[in-house]
Every structure is written in structure tokens, then in C-alpha cells.
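Trainee: Generate coordinates for the sequence data below:
(2 chains)
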Amino acid sequence: MDATKSRPGAADRYDPQAIEKKWQAKWEADQLYRTPDDAPGGRPKWYALTMLPYTSGDLHIGHWFAMSPSDAAARYRRMTVYNVLFPMGFDAFGLPAENAAIKNGAHPAEWTFANVEHMRAQLKLMGAMFDWSREVITASPDYYRWTQWWFLQLLKHDLAYKKKASVWWCPKDQTVLANEQVVDGKCERCETVVAKRDLEQWFFRITKYADELLDFSGLEWTDQVASMQRNWIGRSEGAHLSFGLDVAGVDTKEITVFTTRPDTVFGVSFFVLAPEHPLVEQITTPEQRAAVQAYVNAARKESEIDRLSTEREKTGVFTGAYVTNRFNGKPVPVWIADYVLATYGTGAVMGVPGHDQRDFDFAKKYGLPIIPVFKHPDWDGGELTAALPHGGTMINSGPLDGTPDEIAVATAIKYAEEQAFGKGAVTYRLRDWLISRQRMWGAPIPVIYCDDHDAVPVPEKDLPVLLPDDAEFCPTGESPLTYHQGFLNTTCPTCGKPAKRETDTMDTFMCSSWYQMRYIDPHNEERPFSRELARKWLPVDQYTGGAEHAVMHLLYTRFFTKAARDMGIVEPGEPMVRLFNQGQILGPDGQRMSKSRGNVVAPDSQVERWGADTFRAYLMFLGPWDQGGPYDASGITGIYRWLNRAWNAVTAHVPVGAQPAAPETRALRRWTHKTIKKVTEDIEDVHFNTMIAAMMEFTNELIRLRESGAEVDGDAWREAVESLALLLAPPCPHIAEELWQRLGKPYSVHTQPWPKYDEALARADEVEVAVQVNGKVRDRLLLPLDAPEDVARARALESASVSAHVAGKEIARVIYVPNRLLNIVVKG
RNA sequence: GCCGGGGUGGCGGAACUGGCAUACGCAGCGGACUUAAAAUCCGCCGGUCGCAAGACCUUGUGGGUUCGAGUCCCACCCCCGGUACCA
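Mentor: Residues are numbered from 1 along each chain as shown, chains lettered A, B, ... in the order given. Have a look, this model is predicted:
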């Protein structure tokens, strides 16, 4: 019996469950993935980070989709030259824990930490190179102590302050609701109609960094993310213009608007305040009071998304009051309308229906005058049917008449400044970061309220302000901190008199704004991290995570880093140099996977059935990583078959004997080097799907060779199978380790240098070139690499199918793209 | 609504910088091996017409630029993410 064709015995078959368990245990025992702060041999650092999971309970297929390619990339970096830090932790504060607590009557900590245990065990099945000695859990006191410390630093540097802001309020449950808890304007628990209510809350001055946050130079982030963040920040240049106010009994004598079109100020025919604007109540006349009150109440029940819809018909109510347009002395009626937001600009806008479509629609509806202030060349001077676009020169504008469009804004600002009616200004859509949450399961804001000393920061030595472990949850969702006497009552750090603690906790985005700094020194009890280690490891070299975090989380962490830099805590001004946002994996029904929808595919069952390596590779193979999409498990068998073929190719005995110089040897080596090249480029470019496809083709070629029974050159074959084992190491770490060992190579495959390719060996000798006549492919030629045009042309014209389409016609043009195509353009 | 992304065979997808559309895999069909099945290996596999050679059509829809468009431009339709208290 021929040894090469024999069926392998049971012990020699690919058995993922056995080898994965074996190697995971060995790696852990050897601490293979423990990252030293100083690597021997002066290997440069590489900080690879993937977004930490929320402690939802079960590891989701989406976590594997996010983490296993990140792990492959980190492993690849490790095999090149780097000392790679690849930590993992848990985002453990947040609303779902409270919902679970209300439902089960248990403390959120119980639910959360049980979830951590379970999820960590699930994560370990992945066989990733996480350094678990650096694990961080944001809800543990030794972490949130430092989250509180950050709050105090920001407060100290005037980057934190208090002001009123509105929140959704359920009058029946007496509790604040998150946006997602409001469904069709009703409380999701009790279906009571909800409305906004104003509360005193803490803010961070992220707007101070707005301009700096617009600067992405030095960052290797995708254009999509940069563009989304730029639009979110929404920088607008224009002017603040003040309008005179003279209402009996009202002290305020002017109202300021922000406008990007100060040049149209002579065309103002109405004035609009946000319904929440503090002056509304004061200036409304008795006749208008009822209508205004009703409109304000209705506006408090609307979401911002609805209010800002440009599709919806504009509505508003006249307050009965007037302001004076200081530019021409004319009175202007003051309206309120829900499309004006209190949180943008000054919460007041001037209505110029001649040159703004929204204002035009509003004026038409309410019969307000339309005064054009530019003589647009396309406008015949008749009645307008829409707002006029930019263009022309100024009219109806007193001293500014005749100013051309191009310099109108600058001229108007200069005039306003001279007359002291206003000045040039920049406004941002970005708002300061509201961090107060009226919830229990978050890091308590370390502030104490004293009758004599107002808001007093908790001294750093008294941190952490611990969450009580005996909190009781009402079914209403009210924060238990507000009635927990032990937590609430304390003494003032300044005077020692009885005082009350702040009962609000911090937004969980705060926990995740600095966790990348804690991983570098996770057990430090003196400070959040040491300066020396920060200098060594920061910033993160490669960050990956879901596209859903493209704006908020990533803007917050950028802000935190900039603030930390200005406070002298860290050196770099950006947290992450490279960013990659992977797509979201959906349920087989195309919907977001969730327990309530019943469309969750559990990773554990996939791993049990196919093994972690197969599942990892399948997730990478599914499609481009930045796209995501519905999960369909039916193709996974293809990956399993491939790994079996790879196993057989590497472990099989193949007859040796061909000469090194034989064309077959050259062909085998070409496959090897071509594959190393493709895999290297794809992993660098984050194209995991085509990386796997290239390895499949290579494997198929090796199987074909083996099946043919032909003799191969021993060195070339060894180079091929050893390369395959090395290339498998990032995506499929377990089978790679096992094959490497079976090849008789030294442990571990994961500490080997990444294979190098030889460009000359990877190159093909001959290429197929398409021959087109008038853009239609008529034949294909096998030509030597980089064949000159005349050779290609002569060969093409020899072809019967080509000459049939060229015969009797005049060749007008020939386009030749070497190694690709020859296009003959004929006339007649 | 607004901002960002996407739409290619029955399915997931590939295609350098505008140059052979459908790589790789799944499913399906046919064959080899087997007492049989599984596994494995080999072959076929976008559509229409045709006995065939071949011809024509095809990348969400409609238009445009170009020798040549999945790729660039204009308009539109549908799907996904975000929209500031889900994380």
C-alpha cells in the first residue's frame, strides 16, 4: 500500500476540540501572552486595542466578529517586530444592569459581575492573545475611583461646570428616562405620556476643544469617521447680532441671534425664539399667553429628531412682543417655533424669508412680509415663489446697498461692529458634554453639597465614593441613591457640617474615555497610571471597534486625551493613531441580534461544533470587515473543509525527488511566495476575507500537487508547508501551533518571525491579456510578462476571432495596457 | 429629516489608480471511490437565443462622460449605522 495515499489514523486527523483545549492550556501555563513593559531585544511597542465589551450577559457573535480579526492583526504585528500590548476588559456600568435589578430584585453588581465571569470564560474560548493580567472592569471600585479622580481634575481645571438641561421625565414613575425608554412619546414601562423637564446637571467643556477636534492631521482614520465627526462638530462662521428689546417690566434690553448670513439683516421680517428660551415667559403679552403656553408644552413633548425634520411643516406662535432691528430701526414681531433649539447658537434666530427657505415657508404660512435684500440676476423683481439663492448685489439695505454678494458677509460684519450692533462669531453644533445621569449604576460624581459652601469636591484622598451595596430598586426606576440615607448623608469637607452627597452618577462614556490609559498600569493604587508607562505605551497604535461608536465615544475619548495633555497628565494629544471601524453583524433575519427578537446565534455553539479556528476564520471570510451584515452559518462548512485540507497538506507524506530547477519547483515556489505576499498585504490593509481566500487557493494547489502523486522538490515543499503554518498563525492560532509542532519546529509558532517573500519568485512569467475590438473581448492571449505593444498587437491580429471583427475596417486607434488588455478601435 | 456607509449569480462575496465582471466559499447538478451512506477527490454551475460554433444581455433604477464604467458625474429608489440618557 502506498504510504502517501493511506487513510490517516484517528490520532492524525484534524481534531479542533482536542488541540484547541491543549494549546490554550499550554499558552496560559507558559504565560505566552503576558506583555512585558520592556521587551528583550529592544522590540518597538505596538498598542493594539479593541473596544471593550459591555457586560450584557452573553458573549455575542458580534464580539467574535469584532475581536478575532483584531486578534489576528495583533498576532501578525507580534510576528513582525513588535512588542504587542493587546488587553481586554469590561464596560460594566450602565442602564441594562439597573433594568435587570428592577426585574430580579437583585443588586446590579451581582448581575454585572456574574456576567463578567461568564463572558471572560466565553472570551477565552477564542484563543486570543489577550493579556488577562491587565484586565480592567469599569464598575470595580479600583477603576471607578480613578474615573472620579478624572472628574476632580476636570473640575479643578474649569473643564467641568453645572447648568440646567432638559431630560425626559415620566410623571407617573417620577423618574428620568433615557431616549430609548421613550417610545412614541410615552414611557416604555407605564405608557404615560412624557415631557422634558429641566434639571441642574454637570457638563464637560468639550466645546473648548471644538476647533482642535476638527483637526485630523497625524491621525490615520478613515474619511467617513473624520467626516462624521466634522459634521457633528458643525463649525459655522457668521455673526452675533443684537436686537433691541423694550418690554415693560423686563430688565433684558436686547436679544442676540447667531446667523451665518448677517448680510441679510435688512431683510428680517420676523424673529424666532426657541420655545424653551428663558425670555419667552417674560415677553409674552397677556393676549398671547394661552397660545404660547400651549405651544411650549407641546414642544416639550417632542423629540429633537422630530423638531429638526426639514420635511415637517413649520409651526410657531406669535408672542405679542417686538424687537427692534437696530440696522434699520424697524420693529420685528417675536415668534416661538419648535425648529429653533435652545441648545444651538443663542436659541434665537432672525427670520429672513427672502433668502432662507425655512424662513420663506414660515413667512408664507403666517403671512409675514418677504423682503429681498439681494438683486439676484435670475430674479425679475416679481413676487418670490422660493427663497433666493446667493448672488447679485445688495438692495433694500440702506448703507450696504450695492455691495456685491462675494463680500457681503464681511462687509455686513464690519458695519455691525462699527455700529456696535454685533460682531463676527463662530458657533458649533457640538454641545458641551452632559455627564450627569440620574441613575444608580454608574460612578458617583464626587461632589458634596453644603448649605454654606455649595458644591464641594470630594478630596482625592477620600476616593472612591463607593456605591452602597445594599441599594434597593423600586419598580419605577428611580435612583436608589436619592433615598439611601447612608450614602446621602455626609459632612462637608470644608467645614465639617452635615451635608448631602451628589446622587447623580457619571455617563458611562466617561469610563470608556480613558480605559486605554489604565491598561498600561492597571494595578497602580497611587495614580491612574504611571507617567513612565504612559510615555512607553501611549498612544494606542491601532484601535478597532464598531462603527456605531464613530462619533460619540471617539469624540469623547479624543477630548479626554486633549484635556489630559493640557493638564500635564499625558503627552500625546490624540488617543489612537489608527482607527478601524468594523461593521455590525446582524441576525439571520437582517435585524440587530437581541434576545427579545430571538435571532441570536451563540458563538459557543459554533465553537463547540466547528472549533474556534474555523469560527474565527469564517467570520473573517464573510466579507469586508467594515461592512458586517446578516450572519448566515451555512457557509462555515467551507472553512472547516479548508482547514482539514490544510491539515492534510501539511501532515501528508509527499514523494520527494524533483530537481530544484524543474519548472514544477519554480511553480510551487511561485505559489508560496505569491501567497505570502498577498496575505501580508491583505492583513496590513485589513482585508481578512481575501486573505483567507488566498490561503485557500494555496492550500488547494498543495492538495492538487499531492493528489497528482508527482514527485516534488523537498526544499520547495518544506518551504510551502512551513509558510502555510506560519500564515495560519494569526487567523487560526491553534491549528497553526499544532502543525508547526508536527513539522518538528520549535515552540511557539506565535513567536516566530513572519515569513518573507521574494518579489521575483512571486512574479508570473506569462500573463493572459484580453484582446478587445471596440471594447468587446474577442480573444485572450498568453503573453510573456511586460510584452511590448507591437508583440501584443501582432499576436492579436493573428487571432481568427479578432481579425474577423477587424477585417475590412480601418483601425482608428489601439489602446494597450501591458499585462491587462489590448483594445483595437475600428471604424466603418 | 440630517450626517455617514452600502446595493454585483440562488446565497456570502472578488475586481490594482477607469482596463478580461462574477476570484474564494456555500448551495445545486454530474462523476469517481464505497455493499451503502458519510467523508474525500474530479468536473459543471449569471441570463436569453442556438444542435453547435457563437451572438446578445447583465453589477438597485434612469441619464451622462470615455476607446473602455461595478469603479467617475447628475437624478432617484431601497437597506444599514448614528442622531447627544442603549452601549
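Trainee: Which positions in stretch A:452-459 come out as buried?
Mentor: Neighbour-count burial for stretch A:452-459, counted by 16 or more other Cβ atoms under 10 Å, picks out A:456-458. All C-beta atoms are positioned from the backbone trio N, CA, C, and that covers glycine.
Trainee: these two touch, right, residue A:676 and residue A:755?
Mentor: Yes - assessed by Cβ atoms under 8 Å, residue A:676 is found in contact with residue A:755 at 5.1 Å.
Trainee: Which neighbours do the two have in common?
Mentor: Common neighbours of residue A:676 and residue A:755, using Cβ atoms under 8 Å, 6 or more residues apart in numbering, are A:723, A:727.
Trainee: interface residues of the stretch 601-750 of chain A facing RNA strand B?
Mentor: Residues of the stretch 601-750 of chain A lying close to RNA strand B (Cβ under 7 Å from any atom of the strand) are A:621-624, A:626-630, A:632, A:634-635, A:637-639, A:641-642, A:644-645, A:687, A:689-690, A:692-693, A:696-697, A:700, A:703-704, A:707.
Trainee: Any idea which residue of the stretch 251-400 of chain A lies closest to RNA strand B?
Mentor: residue A:310 (3.3 Å; Cβ to the nearest atom of the strand).
Trainee: Find the nearest non-adjacent residue to the residue nearest the centre of chain A, please.
Mentor: By Cα atoms, centre = their mean, chain A has its centre lying nearest to residue A:550, at 2.4 Å. In space, residue A:550 comes closest to residue A:225 once its chain neighbours are excluded; the distance is 4.7 Å by Cβ to Cβ, 6 or more residues apart in numbering.
Trainee: Three-state assignment for residue A:256, please.
Mentor: For residue A:256, the assignment made with DSSP: H, G, I helix; E, B strand; the rest coil gives strand.
Trainee: List the residues that contact it.
Mentor: Going by Cβ under 8 Å, 6+ apart, residue A:256 touches A:240-243, A:346, A:348, A:422.
Trainee: Could you give the bridge partners of it?
Mentor: Beta bridges link residue A:256 to residue A:242, judged by DSSP bridges.
Trainee: Look at the residue in the stretch 451-600 of chain A that RNA strand B sits nearest to and say how many residues are nearby.
Mentor: Per Cβ to the nearest atom of the strand, residue A:548 is where the stretch 451-600 of chain A lies closest to RNA strand B, at 3.7 Å. Residues lying near residue A:548 (other Cβ atoms under 10 Å) number 13.
Trainee: could you pull out the helices for the stretch 551-700 of chain A?
Mentor: Assigned helices in the stretch 551-700 of chain A, in chain order: A:552-566, A:603-610, A:612-621, A:636-651, A:663-684, A:688-708 (criterion: DSSP state H, counting those that start in this stretch).
Trainee: Now do the contacts for residue A:13.
Mentor: Contacts of residue A:13 (Cβ under 8 Å, 6+ apart): residue A:647.
Trainee: circling back to that earlier point, in terms of packing, which of residue A:676 and residue A:755 has more residues around it?
Mentor: Neighbours per residue, other Cβ under 10 Å: of residue A:676 and residue A:755, the larger number sits with residue A:676, 24 against 20.
Trainee: residues in contact with the closest residue in space to residue A:374 that isn't next to it in sequence?
Mentor: The shortest distance from residue A:374 to any non-neighbouring residue, by Cβ to Cβ, 6+ apart, is to residue A:392 (4.5 Å). By Cβ under 8 Å, 6+ apart, residue A:392 lies in contact with A:374-377, A:379, A:404-405.
Trainee: Spell out which residues of the stretch 351-500 of chain A are next to RNA strand B.
Mentor: A:429-431, A:433-434, A:436-439.
Trainee: Narrow these to those in strands?
Mentor: Counting by DSSP state E, the part of those found in strands is A:433-434, A:436-437.
Trainee: Backbone torsions only: list them for residue A:384.
Mentor: phi -80, psi 140 (degrees, to the nearest 10).
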